[in-house]
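Q: Take this sequence and fold it.
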Amino acid sequence: MIRRRTLIIIAIALLVCLSVPAGLLYWLCYTQTGLQWIAARVSGMQKVHLEFHGLTGALRGPLHIDRFELDQERVHIVATDVRADVRLRRILLQTIEADYLEAASVEVTLKPRVSPETPGPPHFLPRWLRVNAHRLEVGEAKLVLVSGRALEATKVRAAAVLTSDRMRLHDAALTMDDLSLVASDASMHATQPLQLRGNVAWTYAPADQPRWAGQLQADGDLDRLAAKGLVSEPMNATFEGSLLELTRSWHWEANVNVRDFTLKPWSPGSTVSVPAAQLTGRGAGEELHLSGSLQPKFPETGPLDITVDGSFSERTLHASALEVLLKASHGELQAAGDIGFHGGWPDLHLAGKWSSLAYPFVGKPLVQSKRGEFTLEGKVPYQYTTSAEVAGWGRTATLTSRGLFERDAITWDDLRAQVLDGAIQAQGSLGFGGNAPWRINANVDKIDVGQFDARFPGRVGLKLDASGRGFDRKAALELRMNDLRGRLRNQALGGRSHLR
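A: From the prediction side, this is the model:
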């Protein structure tokens, strides 16, 4: 009888001993109060401050957090509308596995180091722990660097595996305004400095512009991250470069080779053709220096050397010095100003000058300009002004003009020239391309024809209206000459004509 009672007591004790932990485990993992109790205990850590607002659900999932905040010495993280579903049975295998982890927004702010750096390599997690996230999605993400610069992205998604020494991403994607990135495989290794590897496909689709696309491969660490890749649309180009000293005074260097470049993706009627171009660049922070060499097939300019010094910030290139050297004719063009990339065609605010320009650019020149000045303003159509001294066929002229540079044509609203002791005022346009349309309306006043041919002394004026398409022998042409006036060889002039 005593033995039976003893066995019953032992059984009851064992049942209590087993049921209490089981009940506690069930309470912690399967109830909302258990989840909130765990969050309260975790929030009390000293080195890492955690806050959970609007925490509902259960640890086994699904769970929801209205607002989550983590504040640590090197990073501050705020996430809103967080949803997750965790597989608790994998915890016994030292693995936290989530079917999904979603957040409406995540903001990560990096902080400067205030304590001495610890020796040895860093660790993402304790050595015994592994985290698998089968689906990670963030609606809006923001990363604020130590410098204060902010990087923003939307539609962030990935599948991630995190261990103590490595983070690996599969099928990752994000969008930054008009730029989209897709990484089939990328990884970060917890070494000193951190190592990064990845293959990325990218597209850039700004409004009112051709689509850009290419591939990028990165491999290196935060001291030297090497990158190489290609551009497949709207041109063919390969590039390679490096990001250097990313944790200190970061800077970069790059080389680009372009093949068979044309302007047809931007202007279908354009005949501009560049068989090959080589570009190099370097920079630090916002500062940059670019240089390149090319030899266009059309227009036939001969070899060109281009250099740009300035800075890039808020999607704007601030060019303190932009120079183009025409090596065949020793001509030079210099400019300064801003080029903004805010969607669509670039926004230009440039002013410059040139010296020793000649046309044709190669061979014996027909027209030369020792000096001139110009401005370019706005978006397409660009507003331009120019003034120049021009010489050709043994004569000189002073010219001023203002008008518009469009995608497929140049228009001059007011062109004025002082030539042969007379004046010309004109309006017109000229399309780009071999069979492009053109037109000109001009008022010629008091031109001294005798300076051009001594056999015909006198001064002549007239109004000219001309239009056509192309300039070859088969080109369509219509010319109207009205209000012919003046005196030629001491004879009064008058009349009109119409030619097709």
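Q: contacts and neighbour counts: CA atoms only from here.
A: Will do.
Q: just the strands in the stretch 401-500 of the chain please.
A: With strands called from DSSP state E, counting those that start in this stretch, the stretch 401-500 of the chain shows them at 409-419, 422-431, 437-448, 458-469, 476-488, 491-492, 497-499.
Q: can you list these in TSV and add mean pLDDT?
A: Formatted as TSV, the entries for these read as follows, by pLDDT from 0 to 100:
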stretch	mean pLDDT
strand 409-419	91
strand 422-431	92
strand 437-448	92
strand 458-469	91
strand 476-488	88
strand 491-492	86
strand 497-499	83
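Q: Tabulate these (JSON lines), appending mean neighbour count.
A: As requested, these are arranged in JSON lines below (neighbours: other Cα atoms under 10 Å):
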{"stretch": "strand 409-419", "mean neighbour count": "19"}
{"stretch": "strand 422-431", "mean neighbour count": "19"}
{"stretch": "strand 437-448", "mean neighbour count": "19"}
{"stretch": "strand 458-469", "mean neighbour count": "20"}
{"stretch": "strand 476-488", "mean neighbour count": "17"}
{"stretch": "strand 491-492", "mean neighbour count": "12"}
{"stretch": "strand 497-499", "mean neighbour count": "10"}
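Q: As TSV, these with distance to residue 392 would be great.
A: Formatted as TSV, the strands of the stretch 401-500 of the chain follow (distance: least, Cα to Cα, whole Å):
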stretch	distance to residue 392
strand 409-419	11
strand 422-431	16
strand 437-448	16
strand 458-469	20
strand 476-488	23
strand 491-492	29
strand 497-499	27
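Q: closest one to residue 280 among these?
A: Within the strands of the stretch 401-500 of the chain, the stretch nearest residue 280 is strand 409-419; the backing value is 30.9 Å (Cα to Cα).
Q: And the closest one, what does it pack against?
A: strand 395-405, strand 422-431 (3 or more Cα pairs under 8 Å, 6 or more residues apart in numbering; DSSP states H and E).
Q: Would you format those as CSV with distance to residue 300 included?
A: Putting the helices and strands packed on strand 409-419 into CSV (distance: least, Cα to Cα, whole Å) gives the following:
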stretch, distance to residue 300
strand 395-405, 21
strand 422-431, 18
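Q: Out of these, flag the one nearest residue 211.
A: With Cα to Cα as the measure, strand 395-405 is the member of the helices and strands packed on strand 409-419 nearest residue 211 (22.5 Å).
Q: May I see the buried residues of that closest one?
A: Buried residues in strand 395-405, defined by neighbour count with 16 or more other Cα atoms under 10 Å: 396, 397, 398, 399, 400, 401, 402, 403, 404, 405.
Q: Please apply the same query to stretch 148-166.
A: Buried, per 16+ other Cα under 10 Å, within stretch 148-166: 153-154, 156-166.
Q: List of residues touching it?
A: Residues external to stretch 148-166 that are found in contact with it (Cα atoms under 8 Å, 6 or more residues apart in numbering): 122-144, 167-177, 187-191.
Q: Also stretch 330-345?
A: Here stretch 330-345 makes contact (Cα under 8 Å, 6+ apart) with 206-209, 315-326, 346-358, 379-380.
Q: out of the residues you listed, which are buried?
A: Applying 16+ other Cα under 10 Å to the contacts of stretch 330-345 flags 206, 316-319, 322-326, 346-355, 357-358, 379 as buried.
Q: So which of those belong to strands?
A: Mapping the buried ones among the contacts of stretch 330-345 onto strands (DSSP state E) picks out 316-319, 322-326, 347-355, 357-358.
Q: where exactly do the strands run in the stretch 101-250 of the chain?
A: In the stretch 101-250 of the chain, strands defined by DSSP E, counting those that start in this stretch lie at 130-144, 150-162, 166-176, 179-189, 195-204, 212-221, 224-233, 236-244, listed in chain order.
Q: Adding mean pLDDT and distance to residue 302, write those out as a markdown table.
A: Conversion of the strands of the stretch 101-250 of the chain to a markdown table gives the following (pLDDT from 0 to 100; distance: least, Cα to Cα, whole Å):
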| stretch | mean pLDDT | distance to residue 302 |
| --- | --- | --- |
| strand 130-144 | 89 | 46 |
| strand 150-162 | 89 | 42 |
| strand 166-176 | 90 | 39 |
| strand 179-189 | 89 | 35 |
| strand 195-204 | 93 | 32 |
| strand 212-221 | 94 | 29 |
| strand 224-233 | 95 | 26 |
| strand 236-244 | 95 | 21 |
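Q: what's the closest of those to residue 260?
A: For those, the distance to residue 260 is smallest for strand 236-244, at 7.0 Å, taking Cα to Cα.
Q: just checking, what packs against the closest one?
A: Helices and strands touching strand 236-244, as assessed by 3+ Cα pairs under 8 Å, 6+ apart, comprise strand 224-233, strand 251-262.
Q: related to what we said a few turns ago, tell me the one among the buried residues of strand 395-405 nearest to residue 296.
A: Lowest distance from residue 296 to those (Cα to Cα) belongs to residue 405, with 20.5 Å.
Q: Now do the contacts for the nearest residue to that closest one once chain neighbours are set aside.
A: Distances taken as Cα to Cα, 6 or more residues apart in numbering place residue 382 nearest to residue 405, at 4.9 Å, with adjacent residues excluded. Counting by Cα under 8 Å, 6+ apart, residue 382 touches 348, 376, 404, 405, 406.
Q: run the last query once more with 10 Å
A: Applying Cα atoms under 10 Å, 6 or more residues apart in numbering, we find residue 382 in contact with 345-349, 375-376, 403-407, 410.
Q: cool, and residue 198?
A: Shown in contact with residue 198 (Cα under 10 Å, 6+ apart): 168-169, 183-188, 216-220, 227.
Q: For residue 443, state which of the residues you listed is nearest.
A: Looking at the contacts of residue 198 and their distance to residue 443, the nearest is residue 216, at 57.1 Å (Cα to Cα).
Q: these two touch, right, the closest one and residue 199?
A: Yes. With contact defined as Cα atoms under 10 Å, residue 216 and residue 199 form a contacting pair (5.8 Å).
Q: which among the buried residues of strand 395-405 gets closest to residue 493?
A: Residue 493 lies nearest to residue 397 out of these, by Cα to Cα, at 24.8 Å.
Q: Which pLDDT does the model give the closest one?
A: Turning to residue 397, the model gives it a pLDDT of 91.
Q: same deal with residue 65?
A: Among the per-residue scores, residue 65 shows a pLDDT of 86.
Q: how close does it sit to residue 435?
A: Counting by Cα to Cα, to the nearest Å, the gap between residue 65 and residue 435 amounts to 65 Å.
Q: sorry, back to before: where do the contact lists of residue 216 and residue 199 overlap?
A: In terms of Cα under 10 Å, 6+ apart, residue 216 and residue 199 are both contacted by the residues 183, 227, 228, 229.
Q: Redo the residues you listed as JSON lines? Include distance to residue 33.
A: Putting those into JSON lines (distance: Cα to Cα, whole Å) gives the following:
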{"residue": "183", "distance to residue 33": "40"}
{"residue": "227", "distance to residue 33": "50"}
{"residue": "228", "distance to residue 33": "52"}
{"residue": "229", "distance to residue 33": "52"}
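Q: Including distance to residue 267 and neighbour count, could those go into JSON lines?
A: Conversion of these to JSON lines gives the following (distance: Cα to Cα, whole Å; neighbours: other Cα atoms under 10 Å):
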{"residue": "183", "distance to residue 267": "32", "neighbour count": "20"}
{"residue": "227", "distance to residue 267": "31", "neighbour count": "19"}
{"residue": "228", "distance to residue 267": "29", "neighbour count": "18"}
{"residue": "229", "distance to residue 267": "26", "neighbour count": "19"}
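Q: In terms of distance to residue 271, which of these ranks first?
A: Compare each of the shared contacts of residue 216 and residue 199 with residue 271 using Cα to Cα and the shortest gap goes to residue 229, at 27.9 Å.
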